Structure formats: structure tokens, C-alpha cells
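1. quick one: sequence plus predicted model below, questions after.
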Amino acid sequence: MIDSTPIGSLTESDSPVSAELYTRVQQFYARQMGLLDDGRPDDWSATFTEDAVFQEASRLDEPLRGRDAIRESSRARKQRLDEAEIDFRHWLAMLQVHPQADGTLRTRAYALAMRTPRGGSLDIFASVVCNDHLVPVDGGWQVARRELHHDGSNRD
Amino acid sequence: MIDSTPIGSLTESDSPVSAELYTRVQQFYARQMGLLDDGRPDDWSATFTEDAVFQEASRLDEPLRGRDAIRESSRARKQRLDEAEIDFRHWLAMLQVHPQADGTLRTRAYALAMRTPRGGSLDIFASVVCNDHLVPVDGGWQVARRELHHDGSNRD
Amino acid sequence: MIDSTPIGSLTESDSPVSAELYTRVQQFYARQMGLLDDGRPDDWSATFTEDAVFQEASRLDEPLRGRDAIRESSRARKQRLDEAEIDFRHWLAMLQVHPQADGTLRTRAYALAMRTPRGGSLDIFASVVCNDHLVPVDGGWQVARRELHHDGSNRD
């Protein structure tokens, strides 16, 4: 399901998608990011394909490859946040949905990452562009590839 | 209409709702929070049921009980903000909508609270999770119960 | 297409619009603001009518009048941001859509303006209310008039 073409280089139609499709993808992200923020790493990782690639394109880190790696990373992340007593939220908005000929979806959304330590102040610390490749699974979607581009990093 | 079950303990379906329902709830919140931010406490309170309960679950304060209490609180709030010359905005997003068997809706959304004093700087000071119980009224909804959970407060 | 009536003074219906209309306008803004943030001033200006008026109502500046002026302003803006190596994002949300009898749309949305310098920190520096007059063009819309009200400025 995953090709090696960078997501951003695909030709994208500017046509709007149907209300049903658009709101389903909105709901997918509301639920998906909620799972991460609620500290449910196993449910979170289940929203990715078995062979998903999760890349922070603006960082030097190797991408996470596969749902197992995503789950492990997310479990470790949850433990760090729990120990530090930090509430974390991911906001996604400004969603664009581009259906592909093969039935998959390319999406682009803006994301904000924010944290609040126990008794502390809200810190909205990162603006990120999230490019996803979603594949249809059981009437919903799973993320086959996620590329995150952090604002303020070197341009591609 | 109001039961004593904490909103968060209800079993929630992960099924997406229809585009019509989802966008109607989105529009409900855009309008509702706009009324509050525009300094219209009477119109704001009219979006709650007569017996609505408004609870900041993460605070020790007693909940506001009833539309009249919500109106009074909102009027006092408006006066404080007007005197301090503060523009206030509430953003809601990452909306999840869970229809109940009785025709009501349980919703969850992320909220950001922000203020800008006259001539001053924007301060986005609180990330909140908003859990609502909406009841159908005249083709729209009213809030029967609102529970706000402030990030950074003690967990429930 | 442009009348001289201040956008905010029009009588606005509180009726929700259809899912199709609401999500099309959401997608219009996701694309439009993406063009600006991606540094595509010519494509950005093409989302305005030839005789569009772009007004920062809370500032003393004269409004930009016409697509050409909007394009020039946007090109200059892009050059400044490129030279300063700043990533800029505009978020719009809390959208309200009010269809007019003549087939145009009045919209209101909250906006956040944010920037991240290369290697620097995210700065969300302005909360703005965006009032647009959209006219139908080729199955989509163009902005005939945009009025931006910055929070913290003098009230109208």
C-alpha cells in the first residue's frame, strides 16, 4: 500500500470532497488524536497499518516503521508524560482531503502540540504540518504513512 | 433529562455520525461560543436547558445549577471583561459526537481559552476538555450538562 | 457585488446550513489559507474577486482594493517572510455561514496568526475575527470583501 513517493510531491486536486467524506476524516482525527492524548497507546497504534511509516520529516531521526514500533514508542511516551504529570493535547485543523485513484486518501492538516504540567501553565510549543496517507479499512481508515513537518525546521 | 452518571463513564461508540449531524453540532458550538465571546449573556444562557448543570469538574467550585444561575454568572463575567477591556475567545475543535439511545447527544471537544487586553498581547492560557450532554430542542440542541476538565488540574 | 453595508451590521440568521455547504466553505478556507502559508501569493490572490476589498478594520491602514493590490501585498509579504526565514500559519475555525438572498455568503470565523522562525519558538501572536463576503464563482467562491478585527484593538 505504501509507495516511495514523497507525499508532498503528488499532484493534488483542489476539488472539495463530499460532506460525508470530509466529516468522516474530521472524526477520524478527533478520535485518533484523542486516543493519543488520553494515554491509550495500544488503541492509538491500532489506527495505523501493520506496515505504517511514521516520519518526522524535519528531524534527523529514522522514521518509525510498523505498528509495533509505533506502539512501543507511544507506550514509552505515555510513561514519560505520566511520570512528569503532563497533560498533552494535539489539535488538528485546516484539513485538506485528496482522494486517490486507488481509493486511498492523501490528507494535509495543520497541527498544534501543547502541554500543561500539573499545576502549571499551558505551553503551545509546536506548529506542525501533518501529511497522511490513509487507506480504507473496515469502513474507516488507517494511517499507512505520516509525515510531520515542524515549522521552524530546515525546509525540505 | 439529566442523569447522575458522570459523562465520561458512559460507553461511547466510535462510529462516526452523519455529515448533517456533525456539521450541525459544529455550527451549534460556533454560534454558542460566539454568543459568549460577543458578550451576549442572555442569548448564551438560552443555549442551556432550564435545569442545566455547568460544572468545572477540575475545580472545587460547586457547579452552576439552572439557566438562571448560568445567566447571572455570565452577566457578571461580561461586566468584568468589559471593565478590564479584554477580548475573550473560546475555540472548540476535535469534536466527537456520540448519539444516545434516547435521542440526546454526548459530545467531547477540546477547547482553548484566550484573552487579549486592549493594546496588549494575546494570551492563550487554558486547554480544556469539554464534555457536553445535548438535548434536542426545536430542531436544534440545548446543553443539559457541561463538564469542563482543565488540563493541568488533578486527575479525576 | 460589494455593497457598502458593514458586514457586521447585516441581520444574520442563526439557522445552520447544510453539511455540503458547511464543509465546502471549511475546505475553501483550508485551501485558501494554505496557499498564503505556502508562499503562493498569485494563487492566493486568485481566491479574491477582481474588485475585492481587504480591510483590517481595527487598523488605520487603508484597505487593499482589488486583486492586484492583494497580490502585490502578498508578494511583498512572502519576500519578507522568506528573508526572515519564518514559517507562518493561519488557523481559521468556529466558522459561521450565513447564506444571503442573492446567492452570496457572509461568513464569520475566528483566526489565529502564528509564526515560527528557523530554529526558534512558536509564537501565536494574534487572535482575529474574520468576516468575509463570498461570491459564487465556477462552483466555488471568491472573497469579495474581507474584514479583519484584531482582538485587543479599539472596538468599532
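-> Sure thing, it's come through. Keep in mind that what you see is a predicted model, and the values were worked out from it rather than measured.
2. how about the strands of chain A, start to end?
-> Counting by DSSP state E, the segments of chain A that form strands are A:48-56, A:64-65, A:86-99, A:105-117, A:123-137, A:140-150.
3. which other helices and strands does the shortest one contact?
-> Using 3 or more CB pairs under 8 Å, 6 or more residues apart in numbering or on different chains; DSSP states H and E as the contact criterion, the secondary-structure elements in contact with strand A:64-65 are strand A:48-56. Placement of C-beta: from N, CA and C, glycine included.
4. for the strand it packs on, C-alpha coordinates in PDB please.
-> Once non-C-alpha atoms are left out, strand A:48-56 reads as follows in PDB (Å, rounded to 0.1, in the frame of the first residue of the first chain):
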ATOM      1  CA  PHE A  48      -2.000   2.700  11.800                       C
ATOM      2  CA  THR A  49      -1.500  -0.100   9.300                       C
ATOM      3  CA  GLU A  50       0.800  -3.000  10.300                       C
ATOM      4  CA  ASP A  51       3.500  -1.700   8.000                       C
ATOM      5  CA  ALA A  52       2.900   2.000   8.600                       C
ATOM      6  CA  VAL A  53       5.700   4.500   8.400                       C
ATOM      7  CA  PHE A  54       5.700   7.400  10.800                       C
ATOM      8  CA  GLN A  55       8.200  10.100   9.900                       C
ATOM      9  CA  GLU A  56       9.100  13.400  11.500                       C
END
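5. what comes up buried for it?
-> Of the residues in strand A:48-56, A:48-49, A:52-56 count as buried by neighbour count, 16 or more other CB atoms under 10 Å in any protein chain shown.
6. for that strand, name the packing helices and strands.
-> Identification of packing neighbours for strand A:48-56 by 3+ CB pairs under 8 Å, 6+ apart yields strand A:64-65, helix A:67-84, strand A:140-150.
7. circling back: okay if I get the strands of chain A as CSV plus mean pLDDT and distance to residue C:87?
-> Output for the strands of chain A, formatted as CSV (pLDDT from 0 to 100; distance: least, CB to CB, whole Å):
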stretch, mean pLDDT, distance to residue C:87
strand A:48-56, 97, 15
strand A:64-65, 96, 24
strand A:86-99, 98, 14
strand A:105-117, 98, 11
strand A:123-137, 98, 7
strand A:140-150, 97, 9
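8. with distance to residue C:149 added, can I get those strands in JSON lines?
-> Formatted as JSON lines, these follow (distance: least, CB to CB, whole Å):
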{"stretch": "strand A:48-56", "distance to residue C:149": "36"}
{"stretch": "strand A:64-65", "distance to residue C:149": "43"}
{"stretch": "strand A:86-99", "distance to residue C:149": "20"}
{"stretch": "strand A:105-117", "distance to residue C:149": "22"}
{"stretch": "strand A:123-137", "distance to residue C:149": "22"}
{"stretch": "strand A:140-150", "distance to residue C:149": "31"}
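9. which non-adjacent residue is nearest residue A:108?
-> For residue A:108, ignoring the flanking residues on the chain, the nearest one in space by CB to CB, 6 or more residues apart in numbering or on different chains is residue A:96 at 4.6 Å.
10. I appreciate the help and will end here.
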